[in-house]
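**Student:** Pasting the sequence and the predicted coordinates here, then a few questions.
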Amino acid sequence: MAGKIPRQFIQELIARIDLVELIDARVPLKQVGNNFTARCPFHSEKTPSFTVSRVKQFYHCFGCGAHGNAIDFLMGYDHLSFVEAVESLAASAGLKIPEDAQSTAVDPDSNLAKAIYALQEAVSRFYANQFRIHPEASRAVAYLRGRGVTGEVAQQFRLGYAPPGWQNLTSEFSPELLEAAGLMIVKGEKAYDRFRDRIIFPIRDRRGRVVGFGGRVMGAETPKYLNSPETLVFKKHKEVYGIYELLKQSPRPERILVVEGYMDVIALAQNGIFNAVATLGTATSADHVELLFRYTDEVVFCFDGDSAGQKAAWKALHASLSHLRDGRQIRFFILPDGHDPDSLVRAEGAVSFVNRLDTALPFSDYFFRCLTHRLDLGALEGRASLVNNAKPLINKLPAGVFREMIETRLVELAGYGAVEPSGKAAKIVGAPQLGGAPRNSRMQPSASRMVLALLVQNPELATMVGGGLRERLCLANKNGYLIEKVLRLLDENPGLTIGGILEHFRGAPEEKFISNLMQWDTLLPQDGIRAEFSDALMRFERQLKRERLEALIKKSKETQLSSEEREEMRVLMSV
């Protein structure tokens with residue numbers, strides 16, 4: 001979209017979509033009372049903990065914490081961006097997306113990107129057609145057959161052939177676009193095709209758009225592999241080869257295997273192993289890891305056992321650190337000497353290859369194996385080196401049980417008391433920390449927090465808040481101000497659901513706090529919610545009056561109060 005999607009349209013869209021129908025079309029739901037349940041589509045589980053409310057238009061998983069409205073579900077399940085999710089919902093609801101009248105300027109980069117995508121799709125089909133009809137393509141066919149690649153797999157990955165010659169593309173497509181896409185090289189007054197006499201591997205993003213190409217020679221020429229340069233639509237540190245084909249086979253794979261080359265991905269697919277991707281001639285980046293963890297909870301890095309492979313594995317470990325929150329796994333599979341995944345799966349077969357993957361080293365084992373290599377842990381110097389090298393890396397791990405266990409293991413290796421564990425793992429946060437009590441905590445939450453939590457979970461309670469209290473809210477603490485903000489939102493949007501409230505605060509400073517409140521299990525039966533809300537309101541009002549009285553008393557000691565303030569203080573003291 002060139003312009004910003006109006007917030008009012010998004011709220012109307014959320015109101016029109018039945019979240020139960022949307023999710024049930026993808027994940028079969030079972031009705032239990034007023035809600036619907038299923039095994040969570042966002043993590044592996046045996047007992048259903050994923051709940052969807054038709055009344056609230058909100059889903060929540062008590063296992064992994066995934067939650068949100070219709071837009072959030074499409075973003076998570078269908079792997080869409082926010083705009084893509086809105087476009088998908090609008091299409092299903094038969095609505096046309098308007099553009100914000102204040103943001104209708106044309107984005108030239110957006111138009112150029114669309115043109116490059118369209119060009120590269122056409123070029124991909126051109127190469128695929130050349131693979132079938134060009135006389136010289138027989139060499140490419142013979143090469144792939146020699147590597148065990150069938151026509152079916154070649155078609156699945158849309159393999160192609162760039163014929164010999166310098167002007168095959170420039171005679172068919174716009175030179176300006178070819179240059180923008182990196183498919184044409186310009187040197188002075190000369191312009192020629194980047195890929196010539198090579199097997200072509202289209203690189204598709206998760207949506208299936210062709211973002212670039214890889215080309216491989218069939219003989220001893222160099223370079224053996226050649227990739228598109230980075231362009232407006234192609235960033236090597238953000239893309240991996242094979243992600244689109246993988247997701248078509250399995251939208252939520254149990255694990256994803258990261259290998260080094262195109263042919264490794266294709267050879268594994270040829271042997272029925274469809275969960276492999278390859279980086280594009282660059283080291284594994286944090287963006288790569290983040291991308292893969294959108295679709296799976298386990299990533300296995302597969303590298304050669306030589307020094308280059310060890311360096312690549314260590315870089316992958318570094319890139320993974322900040323993404324290893326609880327429930328995610330990184331493992332390392334070091335290949336036998338003289339093998340890559342292609343040769344190993346052809347030599348041993350798919351079953352043996354998968355069995356080997358099952359023995360891949362967990363992150364913790366590989367981490368400490370590398371750090372302790374060539375260290376004498378029997379000496380103080382060796383243990384000190386271990387601590388000094390490990391601590392900066394461990395500090396990059398997200399707080400949680402896994403990080404605390406890594407810290408504990410470091411203590412064991414370095415000697416008792418050498419390292420103080422962070423202790424953060426014990427704080428399994430379920431409720432907001434912006435002034436919130438942990439979910440299911442036995443501690444009594446503050447009145448303002450309880451009011452706000454019950455209000456965002458049950459918007460119909462807004463009618464119970466009297467005018468007098470509303471006037472004092474804007475003078476209250478942060479929670480009071482937020483309560484007033486939510487009440488105003490509900491006044492302006494009668495019938496707004498939880499999903500609508502969540503959407504209103506998307507991108508706002510309060511988004512995370514509101515989101516956490518919606519997940520907070522207040523442990524109240526349905527028929528006890530109104531009574532608890534009324535009690536919390538009374539406690540909150542008493543708190544506000546007490547705070548106001550304290551403020552007036554303090555002011556009276558510093559300066560003379562006005563007659564209105566003296567009367568207000570008299571009334572407050574008599575309550």
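**Tutor:** Sure thing, it's come through. Numbering: from 1, shown residues only.
**Student:** so what's the backbone phi/psi at the closest residue to Gly309 other than its chain neighbours?
**Tutor:** Leaving out its chain neighbours, the residue that sits closest to Gly309 by CB to CB, 6 or more residues apart in numbering is Phe303, at 3.9 Å. Any C-beta I mention is one placed from the backbone N, CA and C, and that applies to glycine too. When read as degrees, to the nearest 10, the backbone of Phe303 gives phi -130, psi 160.
**Student:** again with Arg39
**Tutor:** Main-chain torsions, Arg39, degrees, to the nearest 10: phi -70, psi 130.
**Student:** burial measure for it, as a count.
**Tutor:** Arg39 has 17 neighbours, counted by other CB atoms under 10 Å.
**Student:** Let me know whether it touches Thr51 as I believe.
**Tutor:** No - look at Arg39 against Thr51 with CB atoms under 8 Å: they stay out of range, at 11.4 Å.
**Student:** How many residues are close by the residue nearest to Gly309?
**Tutor:** Using other CB under 10 Å, Phe303 has 24 other residues around it.
**Student:** what sits opposite it in the beta ladder?
**Tutor:** Listed by DSSP bridges, the beta-bridge partners for Phe303 are Ile334.
**Student:** what does the model give Thr372 for pLDDT?
**Tutor:** Reported pLDDT at Thr372 in the predicted model: 94.
**Student:** Give the closest residue to it in space, chain neighbours not counted.
**Tutor:** Take Thr372 and drop its neighbours on the chain: the residue closest to it by CB to CB, 6+ apart is Leu386, 6.2 Å away.
**Student:** same check, this time on Ala414
**Tutor:** In space, Ala414 is closest to Arg383, 4.5 Å off (CB to CB, 6+ apart).
**Student:** and after the strand or helix carrying that neighbour, which helix or strand comes next?
**Tutor:** Assigned by DSSP states H and E, Arg383 belongs to helix 380-394. Per DSSP H and E, the first helix or strand lying C-terminal to helix 380-394 is helix 401-414.
**Student:** how far is that following helix from where the chain is centred?
**Tutor:** Helix 401-414 has its C-alpha centroid displaced from the chain centroid by 27 Å (CA atoms, centre = their mean, to the nearest Å).
**Student:** Please save the CA atoms from it in CSV.
**Tutor:** Provided in CSV are the C-alpha atoms of helix 401-414 (Å, rounded to 0.1, in the frame of the first residue of the first chain):
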residue,chain,number,x,y,z
VAL,A,401,15.2,-21.0,32.4
PHE,A,402,17.5,-21.9,29.6
ARG,A,403,19.9,-19.0,30.4
GLU,A,404,19.9,-19.9,34.1
MET,A,405,20.8,-23.5,33.3
ILE,A,406,23.6,-22.4,31.0
GLU,A,407,24.9,-20.2,33.9
THR,A,408,24.6,-23.1,36.3
ARG,A,409,26.6,-25.3,33.9
LEU,A,410,29.3,-22.6,33.7
VAL,A,411,29.5,-22.5,37.5
GLU,A,412,30.0,-26.3,37.6
LEU,A,413,32.8,-26.2,35.0
ALA,A,414,34.5,-23.1,36.4
